[in-house]
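K.L.:
build me a model:
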Amino acid sequence: MIIKFLGGCDEVGREAFLVKDNNTNVLLEYGVELQPEILLPLIPNVQVDSVLISHAHLDHSGMVPLLYKFQTPNLFATPATLDLMNLLLEDYIKVGKITRNYAEYTKADIMKMNKHAIPQGYNKRFKVGNLQAEFFNAGHIPGSASMFVSGSKNVLYTGDINTIDTHLVRYGTQKYPKLDCLITESTYAGREHADRKLEEKRFVEKIKEHGHGLVMLPAFAVGRAQELLLMLQENNIKREIYLDGMGQKAADIILFHKDYINDAGKLRKALREVNFVRTKKQRNKILREGGIVITTSGMLNGGPILYYLNKARDFKDACLLITGYQAEGTPGKKLLETGYFENEEMRFKVNIEIQRYNFSGHAGGTELLNLIKKANPKKVVCVHGDNTKKFANDIKSKLGIEAIAPKIGEHVEM
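P.N.:
Predicted structure coming up:
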């Protein structure tokens, strides 16, 4: 078995790993890096038999339709992932045409991709060419999966994984097969998350402090927006709550795939009580009257949050509460570091309170090490992180397991 790394090495974005074994070529992920510039993974130099996608976020799925311009592999993902992928991929085309006057693929390519899509649930073996595969719940977002591939060797790719239960999704207890190789995400390797319950308490207290003002909650459309809705409901926040941007459509899809979330009834109730925002007139009303608005995008690189932030940047009783990962080079990261919002079109000082909260959908450093220890593979490959080499050294020294941090274009043979 050979694993070639086409992307996602020592970076967070453009995940793509090609598994070659038993005359079968399986591609795990085919994503895109969005910030600070668009970066694509390497193009596979072989005919790909099957593509396996762990979850819908674009750094894992964003370039899948591009493959269908020149080949037609089967596509395997959970039903929730396939529907959420379609939402995000169509939005990628739309944003690309607006911001760059270009997109790498078309809706026709997405339609072609869908014709070759085969939904698969958790904990059930399925054939991919001459190999076997299986999905395990990864606890990251609804439908997210860790992906197991078995041939001459056994390999598991964690995908984005969160072993701590959230309001929206539960990781539960996963029992993995015996592994020759574990490919692990490393987003928070070497770092620990704050206690989630204490962080949530701090977050709710801050919202209550701004009881009559505007509370802006930028959020990823898939996963985080719905998590925040549930969090506000669970903490009995008695204010007008608004949901703006693509999180609305994502919520409908997630609710349709109710088997992939903790409590469909609670999400359904939260969506009944929230106010959906669809017009500029509604946004201006929120700016005048205040309230809590959950809106895309999570890293402030687009979406309605830009309108709210620009208009409310000098409000006396407004705050911006950032709850998600901020990649290097994104407007959200720059704002946290400098106090200025900056993108290609505008730059301005933000004179309202800005706070950051850690509600990560990724396992922290200790959780990753515990996961690796429990899985007990012969070899670990560290990807999807900014400091994978250090993480590989930590795994070797703390767990005594062989670990590497490959570069893009390299391969390992087992």
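K.L.:
so who does the closest residue to residue 57 other than its chain neighbours touch?
P.N.:
Excluding the flanking residues, the one nearest residue 57 by Cβ to Cβ, 6 or more residues apart in numbering is residue 222, at 6.7 Å. Every C-beta, even on glycine, is put in place using the N, C-alpha and C of the backbone. Listed by Cβ atoms under 8 Å, 6 or more residues apart in numbering, the contact partners of residue 222 are 56-57, 84, 87-88, 141-142, 247, 250, 254.
K.L.:
repeat for residue 119
P.N.:
The neighbourhood of residue 119, defined by Cβ under 8 Å, 6+ apart, consists of 76-79, 82.
K.L.:
quick one: mean pLDDT over stretch 274-282.
P.N.:
For stretch 274-282, mean pLDDT rounds to 97.
K.L.:
and it, which residues are buried?
P.N.:
Under the neighbour-count criterion of 16 or more other Cβ atoms under 10 Å, stretch 274-282 has 274, 277 buried.
K.L.:
can you tell me what sits against that stretch?
P.N.:
Residues contacting stretch 274-282 (Cβ under 8 Å, 6+ apart): 229, 240-244, 248, 283, 286, 291, 293, 295, 304, 307.
K.L.:
about what we covered before: what's the closest of the contacts of residue 119 to residue 387?
P.N.:
Nearest to residue 387, judged by Cβ to Cβ, of the contacts of residue 119 is residue 77 at 28.8 Å.
K.L.:
of the contacts of residue 119, which pair is most distant in space?
P.N.:
Spanning the widest gap among these are 76 and 79, at 11.0 Å by Cβ to Cβ.
K.L.:
for these two, work out which one has more neighbours and name it.
P.N.:
residue 76 (24 against 17; other Cβ atoms under 10 Å).
K.L.:
quick one: residue 35 and residue 301 touch, right?
P.N.:
Yes - contact criterion Cβ atoms under 8 Å: residue 35 and residue 301 qualify, at 6.3 Å.
K.L.:
any shared contact partners between those two?
P.N.:
Shared contacts of residue 35 and residue 301 (Cβ under 8 Å, 6+ apart): residue 330.
K.L.:
neighbour-wise, which of those two wins?
P.N.:
Of the pair residue 35 and residue 301, residue 301 is the one with more neighbours under other Cβ under 10 Å, namely 24 against 19.
K.L.:
and that one, how far is that from residue 108?
P.N.:
27 Å (Cβ to Cβ, to the nearest Å).
K.L.:
now swap in residue 94 and tell me
P.N.:
Using Cβ to Cβ, residue 94 is found at 15 Å from residue 108.
K.L.:
likewise for residue 313?
P.N.:
41 Å.
K.L.:
between these two, tell me which one has more neighbours.
P.N.:
Comparing residue 313 with residue 108 by other Cβ under 10 Å, the one with more neighbours is residue 313, at 15 against 11.
K.L.:
re the thing from before, please convert the buried members of the contacts of stretch 274-282 into PyMOL selection syntax.
P.N.:
Selecting only the buried entries of the contacts of stretch 274-282 in PyMOL, with 16+ other Cβ under 10 Å as the criterion:
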select buried, resi 229+241+242+243+244+248+283+286+291+293+295+304
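K.L.:
export the contacts of stretch 274-282 to CSV and tack on secondary structure and distance to residue 123?
P.N.:
Below are the contacts of stretch 274-282 laid out as CSV (DSSP: H, G, I helix; E, B strand; the rest coil; distance: Cβ to Cβ, whole Å):
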residue, secondary structure, distance to residue 123
229, helix, 28
240, coil, 42
241, strand, 36
242, strand, 38
243, strand, 33
244, strand, 36
248, helix, 31
283, helix, 44
286, helix, 43
291, strand, 42
293, strand, 38
295, strand, 36
304, coil, 38
307, helix, 44
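K.L.:
and which of the contacts of stretch 274-282 is nearest residue 10?
P.N.:
Distance to residue 10, by Cβ to Cβ, is smallest for residue 295 among the contacts of stretch 274-282, at 31.8 Å.
K.L.:
spatially, what comes nearest to the closest one if we skip its sequence neighbours?
P.N.:
Closest to residue 295 by Cβ to Cβ, 6+ apart is residue 244, at 3.9 Å.
K.L.:
hang on, the one you found packs against residue 297?
P.N.:
No - assessed by Cβ under 8 Å, residue 244 is found out of contact with residue 297, at 10.9 Å.
K.L.:
which residues do those two both contact?
P.N.:
With Cβ under 8 Å, 6+ apart as the test, residue 244 and residue 297 both reach residue 303.
K.L.:
where do the helices sit along the stretch 1-150 of the chain?
P.N.:
Here the stretch 1-150 of the chain has its helices, by DSSP state H, counting those that start in this stretch, at 58-61, 64-67, 79-99, 107-115.
K.L.:
what sits up against the last one?
P.N.:
I take that to be helix 107-115. Here helix 107-115 makes contact (Cβ under 8 Å, 6+ apart) with 64-69, 72, 75, 82, 86, 89-90, 93.
K.L.:
now with 7 Å?
P.N.:
64-65, 68-69, 75, 86, 89-90, 93 (Cβ atoms under 7 Å, 6 or more residues apart in numbering).
K.L.:
can you give me the buried ones in that helix?
P.N.:
Neighbour-count burial for helix 107-115 [16+ other Cβ under 10 Å]: 109-110, 112-113.
K.L.:
gap between residue 124 and residue 134?
P.N.:
7 Å.
K.L.:
between the two, which one's more packed in?
P.N.:
For residue 124 versus residue 134, the count of surrounding residues by other Cβ under 10 Å is larger for residue 134: 19 against 9.
K.L.:
ok, now which ones touch that one?
P.N.:
Residue 134 neighbours (Cβ under 7 Å, 6+ apart): 123-125, 148.
K.L.:
tell me the contacts of the nearest residue to residue 307 once chain neighbours are set aside?
P.N.:
Using Cβ to Cβ, 6+ apart and skipping the chain neighbours, the partner closest in space to residue 307 is residue 283 (5.9 Å). By Cβ under 7 Å, 6+ apart, residue 283 lies in contact with 277, 304, 307-308.
K.L.:
re the thing from before, phi and psi next, for the residue nearest to residue 57.
P.N.:
Backbone dihedrals for residue 222, given as degrees, to the nearest 10, come out at phi -100, psi 110.
K.L.:
how about CSV for the buried residues of helix 107-115, with pLDDT added?
P.N.:
Shown next, in CSV, are these (pLDDT from 0 to 100):
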residue, pLDDT
109, 99
110, 99
112, 99
113, 99
